[in-house]
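> Take this sequence and fold it.
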Amino acid sequence: MEISHRTLEQVLVIVPNVEHLDANNTNDLKHQVSELIEQNAATCVVLDLREVQFVDSSGIGSLISLLRTIKSNNGQIALAGVTRTVQSVFEIVRLHKLFDIYDNVDEAVKALA
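As a prediction, the model looks like this:
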């Protein structure tokens, strides 16, 4: 999985460059994101999901796993750029109650910074 990242105002912004978060790539996502968080000693993370068009139960599980990991280290995580299709899935499984979701990266960074 290709993941890009950058730091804005001491917030680590991670962009998974995939259309699907599913059983084929969620382990890779968790591993790479966890590694980036550790390398950058990040406590505030934004996952920019603008490229993601589909999320299955494995993808949801990986997001929850990342949430637990970050919160257990007294960190914060937010989602940004969630498409309407993915937002609908998040609402069905009530994931929007666990994550702060913002329209874009700038709003998410501003909220976490």
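> use CA for all of it now, contacts and neighbours both
Will do.
> where exactly do the strands run in this protein?
3-8, 11-16, 20-21, 44-48, 54-55, 76-80, 100-102 (DSSP state E).
> possible to save the ones you listed as TSV with mean neighbour count, distance to S88 and mean pLDDT?
Below are the strands of the chain laid out as TSV (neighbours: other CA atoms under 10 Å; distance: least, CA to CA, whole Å; pLDDT from 0 to 100):
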stretch	mean neighbour count	distance to S88	mean pLDDT
strand 3-8	14	24	95
strand 11-16	22	19	96
strand 20-21	20	15	95
strand 44-48	24	17	97
strand 54-55	18	10	96
strand 76-80	22	14	96
strand 100-102	19	13	96
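> would you turn these into TSV with distance to V93?
What follows is these, written out as TSV (distance: least, CA to CA, whole Å):
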stretch	distance to V93
strand 3-8	25
strand 11-16	21
strand 20-21	15
strand 44-48	19
strand 54-55	11
strand 76-80	16
strand 100-102	14
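> Nearest to S62 among those would be which one?
Among the strands of the chain, the nearest to S62 by CA to CA is strand 20-21 (8.9 Å).
> how much space between the residue of the chain most remote from its centre and V86?
In the chain, counting by CA atoms, centre = their mean, I92 sits farthest out from the average C-alpha position, at 17.9 Å. According to CA to CA, to the nearest Å, I92 stands 10 Å off from V86.
> Enumerate every residue touching the spatially most central residue of the chain.
Of all residues in the chain, the one closest to the mean position by CA atoms, centre = their mean is L47, 3.1 Å from it. By CA atoms under 8 Å, 6 or more residues apart in numbering, L47 lies in contact with V13, I14, V15, P16, I77, A78, L79, A80.
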